[in-house]
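Asks: requesting a structural model of the entry that follows:
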Amino acid sequence: MSPQLTVGLTAEQREILLTGLRYVRSSISLEMSPPSPEVESRRREKVKSVEDLVDQLAAAEAVAPAGV
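Replies: Numbering: from 1, shown residues only. Okay, here's the model as predicted:
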């Protein structure tokens, strides 16, 4: 497992990221490529990675900055 990166985002920034990730997921799903089992498998893996990230961001709770 790779190290985690903590980034301070406002609720608005988080929503912007979530919106962008939904566009990325759609882009991957609609990408034009010759049909083959390998291409479909890679596409599903990419979409799953984006969906996992969306789920992680959507579930993230707001945390007050240190010293507040």
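Asks: tell me how many other residues crowd L53.
Replies: Using other Cβ atoms under 10 Å, L53 is surrounded by 15 other residues. Backbone N, C-alpha and C define where each C-beta goes, glycine included.
Asks: you'd agree it is up against L21?
Replies: Yes - using Cβ atoms under 8 Å, L53 is in contact with L21, at 6.1 Å.
Asks: which residues in the chain form helices?
Replies: Secondary structure of the chain by DSSP state H: the helices cover 11-30, 37-59.
Asks: relative to L5, which of those helices is closest?
Replies: Checking these against L5 by Cβ to Cβ gives helix 37-59 as the closest, at 11.9 Å.
Asks: just the buried positions in the closest one, please.
Replies: K46, V50, V54 (16 or more other Cβ atoms under 10 Å).
Asks: what sits against the residue lying closest to the first one once chain neighbours are set aside?
Replies: By the measure of Cβ to Cβ, 6 or more residues apart in numbering, the closest residue to K46 outside its immediate chain neighbours is I28, 4.8 Å from it. Counting by Cβ atoms under 8 Å, 6 or more residues apart in numbering, I28 touches R43, K46, V47, V50.
Asks: from those, which single one is nearest G8?
Replies: Nearest member of the contacts of I28 to G8, counting by Cβ to Cβ, is V50, at 22.3 Å.
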